[in-house]
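Visitor: just coords:
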């Protein structure tokens, strides 16, 4: 089964400022929940570009660290970028990050399209745990971005 996660957030800053933050892979540490023990291993030391491979370790389950390798497949400055999993916990992972100037600042949209491994067993794990875990991660990001940039509400 294909799963989707859609999030939108208004960030009350300029497009240039928001883009500069999100195109720096090192800032993933700032917006990832601390209990995930997120660590960039390789490839995150420069501004994002098409073809960039970023290797990191992340703890989805306490005590179990997983390797995750993503490729930045598309970048249009101040508009969007896409990361796709090459090695990691999902059978398929495609994450679009879109940025649009609006009256109140920048509308940021995250659209994640993903497929669990192991067929129906993976979908059962998704229903029982993974779906809520992803919601938690993106809730954390929303709150952290709100703290860093201020609220548009």
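Guide: All right, it came through fine. The structure displayed is predicted, hence computed values, not measured ones.
Visitor: got the contact list for residue 3?
Guide: By CB atoms under 8 Å, 6 or more residues apart in numbering, the contact set of residue 3 is 113, 114, 115, 116, 126, 131. To be clear about C-beta, it is placed using only N, CA and C from the backbone, and glycine gets the same treatment.
Visitor: pLDDT wise, what is it at?
Guide: On pLDDT, residue 3 comes in at 97.
Visitor: rewinding a little: could you dump the contacts of residue 3 into JSON lines and include pLDDT and distance to residue 69?
Guide: Compiled in JSON lines, the contacts of residue 3 are given as follows (pLDDT from 0 to 100; distance: CB to CB, whole Å):
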{"residue": "113", "pLDDT": "98", "distance to residue 69": "18"}
{"residue": "114", "pLDDT": "97", "distance to residue 69": "15"}
{"residue": "115", "pLDDT": "97", "distance to residue 69": "17"}
{"residue": "116", "pLDDT": "96", "distance to residue 69": "18"}
{"residue": "126", "pLDDT": "92", "distance to residue 69": "21"}
{"residue": "131", "pLDDT": "94", "distance to residue 69": "23"}
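Visitor: Please pick the buried ones from these.
Guide: Buried subset of the contacts of residue 3 (neighbour count, 16 or more other CB atoms under 10 Å): 114, 115, 116, 126.
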